[in-house]
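Colleague: model this:
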Amino acid sequence: MEERHSIRLRDYDYRSFGYYFVTICAFERRNLFGYVQNEKVELNNLGNIVLEEWENSARIRKEISYDEYIIMPNHIHGIVIIDNPHLIHEEKIKPPIQVNPAPPGFLSKSLSSFISGFKSTVTIKARNIAGFNLAVWQRNYYEHIIRNEKELYTIQNYIVTNPAKWELDRYYLRE
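Modeller: Just a heads-up that it's a prediction; the model follows:
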């Protein structure tokens, strides 16, 4: 059996203030959420559930907010900002340097707890509301800690222009 390896930074506290670029893929990268037409994403019922829950997450979880994000036919790109009021921070964009390593185990108010809750809620609603009986999400997610303003601008631009470059996107899957 293949052993799974974490793609997260070891000893980094993902509850820390910062800007995080995340990508969450649909199961088998299938075009489950809609399609791109004329450089614009057209969401279907499942895509609208994804959008609604993405936006609800920022209202429910006081420690997160969003910068740019987009729901594509088979994945989501978003910049998630974590700002836990009980953790001290001084910089707008925090480089991945930790003074205190993260405590072991699953952490509430962290990037992974947000993603887990989001994916779970979408899956439940997809089954209950849309009658969707297949898996919705690919296991895990991709993240990148945004280290400076230049990276932030580059990633914002990538997200905003993603629909216009859909057929060149690494996640593009013709069905």
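Colleague: nearest residue to the most centrally placed residue in the chain in space, please, no chain neighbours.
Modeller: Residue closest to the mean C-alpha point of the chain, counted by Cα atoms, centre = their mean, is V22 at 3.9 Å. Distances taken as Cβ to Cβ, 6 or more residues apart in numbering put E143 closest to V22, at 4.9 Å, once the chain neighbours are dropped. C-beta coordinates here come from the backbone N, C-alpha and C atoms, glycine included.
Colleague: that's a strand at the one you found, yeah?
Modeller: Yes: the assignment for E143 is a strand, going by DSSP: H, G, I helix; E, B strand; the rest coil.
Colleague: low-confidence ranges in the protein?
Modeller: Regions of the chain meeting the criterion pLDDT under 70 cover residues 1-16, 84-109, 130, 169-175.
Colleague: re the thing from before, could you say which helix or strand holds the residue nearest to the centre of the chain?
Modeller: In this structure, V22 sits in strand 18-25 according to DSSP states H and E.
Colleague: that strand packs against which elements?
Modeller: Applying 3 or more Cβ pairs under 8 Å, 6 or more residues apart in numbering; DSSP states H and E, one finds that strand 18-25 contacts strand 75-82, helix 111-128, strand 142-145.
Colleague: nearest to I155, of the ones you listed?
Modeller: Closest to I155 of the helices and strands packed on strand 18-25, according to Cβ to Cβ: strand 75-82, at 6.3 Å.
Colleague: where do the helices sit along the protein?
Modeller: 45-60, 111-128, 149-161 (DSSP state H).
Colleague: now those in a markdown table, with distance to A135 and mean neighbour count?
Modeller: Formatted as a markdown table, those follow (distance: least, Cβ to Cβ, whole Å; neighbours: other Cβ atoms under 10 Å):
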| stretch | distance to A135 | mean neighbour count |
| --- | --- | --- |
| helix 45-60 | 12 | 17 |
| helix 111-128 | 8 | 18 |
| helix 149-161 | 25 | 14 |
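Colleague: quick check: beta-bridge partners of I76?
Modeller: According to DSSP bridges, the partner residues bridging I76 are I24, I71.
Colleague: all good on my end, thank you.
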